[in-house]
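Novice: Pasting the sequence and the predicted model now:
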Amino acid sequence: MRTFTKAILLYFTIIFTNSCMNKQQKSIEIGAADILGNPDYPAISYGGYRQNTREIVPSVAELKEDMKILSAIGIKLIRTYNSQQFLQVSNLLEAISQLKNEDSDFEMFVMLGTWIECKGAWTENRNHSLGNLKNNNAEIQAAVKMANEYPDIVKIIAVGNEAMVKWAVQYFVQAKIILHWVEYLQNLKMNGNLPANIWITSSDNYESWGGRDKSYHTEDLSKLINAVDYVSLHTYPFHDSHYNPTFWMVPAEEEKLSTVEKIDAGMLRAKNYAISQFQTAADYISSINTEKTIHIGETGWASISSSLYGEGGSQAADEYKQALFYKHMRDWTLEAGMSCFYFEAFDEKWKDKADTLGSENHFGLIKLNGQAKYALWDLVDEGIFEGLTRNGISISKTYNGDETVFFSEILPPPSKAEIGDKSITTTNINRKPGETVSENTYVVLSESLIPDETNDMTFPCSELKLNSWEGTCDIELNSSRIIKITSGHGDWWGCAIELESDGIGEDMSKFVNGNLNFEIKGNTNSSFKLGFQTGIFAKGTQSNNYVIFSPESKYRIKENWASFSIPIAILEKGANLNDLTALLFFRGVENFDGKQIFVKNIYYSR
């Protein structure tokens, strides 16, 4: 009997072992080409950090909790962001490996991100034409090691995250830096030093991939498009509900709708806005390579915001809008045959440590405490989370599942009268960017100075964008045609009125002996630079030409309007007046207090 029992046990052990080995081999054989665009492999972005610093990384046990939750939702592919700066990814791969060993049917694949940044990133000595060689090399080498150690899990390596988009002023790099590392990884793959079925990409904003802003249309970007196995593209209508809100504002014909109806209509516009951003990049990519596929590397919607996107702002942040956007993006990408790495799985609170209600902390579909947001309420009802916990707490619904309370807190998108403009649209259609301004008065914004055929005045050659740099402050044009700036209170702040002309500035060379004129008031005690910019920051040609406003200076603001006419000669600090690109800019110097600055009647005179 003992011999027979041992034989039976040995037989089933062999069968089980062979079955596990076969499934392991199958996981190794599955490649990115089998996963991306496959509806059986839904994707999501994942961090999983629970504390207000990434120095405290999730443990393997905590990561296993999260993977079980995501697997229950149906997720089969997750995206990460760093390879070696923190231990999260090494712990994550170990967690997935353990889960696969514990259950041979468990399946989870990884798009492994690497953080790429410029030389001198996060300092005042940034060089965007060069990479941070030490960091970037370490990130790439760690990714290579992990991909080879876990070939059954790692299926994609992404070189950089929003590393090329120029509003990432602290760290962005030129396309040639990303191209270098993509080609490096492709050569490793070709020579057998990476799995043959792994795909290499870079994950970036739609503008970085050639959408809308032609200043990105470079030879290096064309080479990069050809070099990647696919394009990983980001689109965020949520952010543009503040920065470019034309699509978001309630049109006149919808003003009598109910709150829910206004939101439903607004979220359809948000979906179409995302598709339009995608299409502008897709058209450019197709002009370079008609065979190149595109997948959505990131898109998402925050459920909470204390300022820009909350009450009194764009009012975009709540769980109802998030749920609609999640559904719309899943439906669109599924129909289009694309993967969508929805951002993100769980809330994380390290992103905005200064403001617990900051929107960046609340993009998750599941809260830190394990409560499923409205997008997942139906799944809670279905019982798919039964037996699963996060930090030992069972998965439940936000708002205790009370829809009456839930719907009482949602707000509609604002009407045009309730939200400030982010652009100035008065232009001179008869002059092209780069042509010399010959008139004596150049009007940026004024109620009294109106260029026409009878006077010697002109408007800018193209629309002007009110651009808050990296969201460090707020700038808008209010209904009284006054520029309102809410200064920042973080490490730095800056904003500008920028020419939207594909990087080609106004030729203001005839104004070399002229003046910059404006009226200003406010309640801030901050010191700040005020002036104009020439050239392009990303190309290393930008010059900032300014005076400093401060409480102790002759240039100071008070609570009542004061007029200034500052000679260009005083402002000028190396300007190329043939290429004026920002007609007015502000940059904090010290004593940041988050208070207001108002400017009106802005014009240049000869």
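Specialist: Received the coordinates, thanks.

Novice: For the chain, give me the ranges with low pLDDT.
Specialist: For the chain, the stretches with pLDDT under 70 are 1-24, 538.

Novice: List the buried residues for the helix or strand containing I96?
Specialist: Element membership for I96 (DSSP states H and E) is helix 88-102. For helix 88-102, a neighbour-count test (16 or more other Cβ atoms under 10 Å) marks Q88, V89, S90, N91, L92, L93, A95, I96, S97, Q98, L99, K100 as buried. C-beta here means a position set from N, CA and C on the backbone, and glycine is covered the same way.

Novice: So which bits of stretch 461-479 are buried?
Specialist: Buried residues in stretch 461-479 (16+ other Cβ under 10 Å): 461-462, 464-477.

Novice: Among those residues, which lie within helices?
Specialist: Among the buried residues of stretch 461-479, no residue falls in helices (DSSP state H).

Novice: nearest to T114, of these?
Specialist: Using Cβ to Cβ, E470 is the member of those that lies nearest T114, at 21.6 Å.

Novice: Could you measure from that closest one over to T123?
Specialist: According to Cβ to Cβ, to the nearest Å, E470 stands 15 Å off from T123.

Novice: List the buried residues in the lengthiest helix in the chain.
Specialist: Criterion DSSP H: the longest helix present in the chain is helix 259-288. Buried residues in helix 259-288, counting neighbours by 16+ other Cβ under 10 Å, are found at 262-263, 265-267, 269-271, 273-275, 277-278, 280-282, 284-285, 288.

Novice: For the stretch 501-606 of the chain, just list every one of the strands.
Specialist: 515-522, 527-534, 543-549, 562-567, 580-590, 596-605 (DSSP state E, counting those that start in this stretch).

Novice: For N38, which three-state class applies?
Specialist: N38 falls in the coil class when you classify it by DSSP: H, G, I helix; E, B strand; the rest coil.

Novice: Which residues are in contact with the residue nearest to it when sequence neighbours are not counted?
Specialist: Among residues not flanking N38 along the chain, S339 sits closest, at 7.7 Å (Cβ to Cβ, 6 or more residues apart in numbering). S339 is in contact with I35, L36, G37, N38, Y41, A43, L77, H295, I296, T333, counting by Cβ atoms under 8 Å, 6 or more residues apart in numbering.

Novice: Pull out the buried residues from those residues.
Specialist: Among these, those classed as buried by 16+ other Cβ under 10 Å are I35, L36, G37, Y41, A43, L77, H295, I296, T333.

Novice: Tell me who's in contact with the closest residue to Y236 other than its chain neighbours.
Specialist: Once flanking residues are discounted, Y236 sits nearest to T299: 6.3 Å by Cβ to Cβ, 6+ apart. With contact taken as Cβ under 8 Å, 6+ apart, T299 is in contact with H234, T235, Y236, P237, A274, F325, M329, C340, Y342, F343.

Novice: 7 Å instead, please
Specialist: By Cβ atoms under 7 Å, 6 or more residues apart in numbering, the residues touching T299 are H234, T235, Y236, A274, M329, C340, Y342, F343.

Novice: ditto for V380
Specialist: Contacts of V380 by Cβ under 7 Å, 6+ apart are A372, I395, S396, K397.

Novice: Assumed it was part of a strand.
Specialist: No: assigned with three-state DSSP, V380 falls outside any strand and is helix.

Novice: any idea how far it lies from F106?
Specialist: 22 Å.

Novice: what's the answer for A252, then?
Specialist: A252 is 53 Å from F106, by Cβ to Cβ.

Novice: Those two - which one has more neighbours?
Specialist: For A252 versus F106, neighbours defined as other Cβ atoms under 10 Å are more numerous around F106 (16 against 10).

Novice: The more buried one and A95 touch, don't they?
Specialist: No: in this structure, F106 is not within contact of A95 by Cβ atoms under 7 Å, at 10.8 Å.

Novice: Against F238, how distant is the nearest residue to D264 once chain neighbours are set aside?
Specialist: Excluding its sequence neighbours, the residue lying closest to D264 (Cβ to Cβ, 6+ apart) is L324, at 7.0 Å. Separation of L324 from F238 (Cβ to Cβ): 12 Å.

Novice: quick one on the thing from earlier: is it possible to mark the buried ones in the contacts of V380?
Specialist: In the contacts of V380, the ones that pass as buried (16+ other Cβ under 10 Å) are A372, I395, K397.

Novice: I366 bridge partners, please.
Specialist: Note on I366: beta-bridge partners by DSSP bridges are F346, A372.

Novice: number of nearby residues for it?
Specialist: 23.

Novice: picking that back up, please spell out which residues along the helix or strand harbouring the residue nearest to D264 are buried.
Specialist: For L324, the element it lies in under DSSP H and E is helix 319-336. Within helix 319-336, the residues scored as buried using 16+ other Cβ under 10 Å are E319, Y320, K321, Q322, A323, L324, F325, Y326, H328, M329, W332, T333.

Novice: returning to that earlier point: output the buried residues of helix 88-102 as TSV; include the columns distance to A582.
Specialist: Formatted as TSV, these follow (distance: Cβ to Cβ, whole Å):
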residue	distance to A582
Q88	38
V89	39
S90	43
N91	44
L92	42
L93	45
A95	47
I96	47
S97	51
Q98	53
L99	52
K100	53
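
Novice: from these, which single one is nearest D347?
Specialist: Closest approach between those and D347, by Cβ to Cβ: Q88, at 15.6 Å.
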